[in-house]
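> Here is the input, now give the coordinates:
(2 chains)
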Amino acid sequence: DAGVIQSPRHEVTEMGQEVTLRCKPISGHNSLFWYRQTMMRGLELLIYFNNNVPIDDSGMPEDRFSAKMPNASFSTLKIQPSEPRDSAVYFCASSNALNQPQHFGDGTRLSIL
Amino acid sequence: AQSVTQPDIHITVSEGASLELRCNYSYGATPYLFWYVQSPGQGLQLLLKYFSGDTLVQGIKGFEAEFKRSQSSFNLRKPSVHWSDAAEYFCASGAGSYQLTFGKGTKLSVIP
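As a prediction, the model looks like this:
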């Protein structure tokens, strides 16, 4: 079975540009999570969706960040405008039931110059 | 609120030696507990999980973990470490929701 698929794997862009990260969850999973990982702050939950509906976005840093899940097989995380402090590895994960393990993608390494 | 503590930021062991990584959780009831491993440049991979029943859980790659309610612990163990086990290890707990609470991770280095 295919796991969680994220694209791109690497993104380098200049400050002020719009960045869009993409995620395809495992088929049949009804929960999707976006995380950010940095050396300083570790793994942070940004937002999670259940049945395509955002349930908790309290981890989204500020209005420059937005996330959507238009259908069960696709989600995006957008940063506009991007800033150097947004540089991190962004992970998407999915799960199929309450208290079940989350399955992670390989992440997008984002560098904002 | 739940919390997960991994007291050791970095551990170094010799290849072939035994390993124990510590994890403590705080939650009133029995949580659901997980261990993940992250190799450089990779996502988190599930090693094992505990939901209920037998408190000694077997996972992939020869790892096991023991749930001890009295100590609020879920320590990860391996009898003989291989160089390929060098990675970062995360303990996580969940309780009644889709969200997991992650520890800050323990980085494992293996000396040949």
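> Pull the contacting residues for A:Asn30.
A:Asn50, A:Asn51, A:Ala72, A:Ser95, A:Asn96, A:Ala97 (CB atoms under 8 Å, 6 or more residues apart in numbering or on different chains). From N, CA and C alone the C-beta is placed, and that goes for glycine too.
> will you turn these into TSV that also has secondary structure, distance to B:Ile11 and pLDDT?
TSV is the format used below for the contacts of A:Asn30 (DSSP: H, G, I helix; E, B strand; the rest coil; distance: CB to CB, whole Å; pLDDT from 0 to 100):
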residue	secondary structure	distance to B:Ile11	pLDDT
A:Asn50	strand	36	93
A:Asn51	coil	40	94
A:Ala72	coil	40	95
A:Ser95	strand	29	93
A:Asn96	coil	33	90
A:Ala97	coil	33	80
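> Which among these count as buried?
Buried residues within the contacts of A:Asn30, defined by neighbour count using 16 or more other CB atoms under 10 Å in any protein chain shown: A:Asn50, A:Ala72, A:Ser95.
> Close to chain A: what parts of chain B are there?
Contact residues, chain B versus chain A (CB under 8 Å from any CB of the partner chain): B:32, B:34, B:36, B:41-46, B:49, B:51, B:90, B:94-100, B:102, B:104-105.
> picking up where we left off before, near chain B, which of the buried ones among the contacts of A:Asn30 show up?
A:Asn50, A:Ser95.
> out of the buried ones among the contacts of A:Asn30, who's nearest A:Arg64?
A:Asn50 (24.2 Å; CB to CB).
> what sits against the residue nearest to that closest one when sequence neighbours are not counted?
What sits nearest to A:Asn50 in space, not counting adjacent residues and going by CB to CB, 6 or more residues apart in numbering or on different chains, is A:Ser31, at 5.1 Å. With contact set as CB under 8 Å, 6+ apart, A:Ser31 has these partners: A:Tyr48, A:Phe49, A:Asn50, A:Ser94, A:Ser95, A:Asn96, A:Gln102, B:Tyr98.
> Quickly list what the third one is bridged to.
According to DSSP bridges, the partner residues bridging A:Asn50 are A:Ser31, A:Val53.
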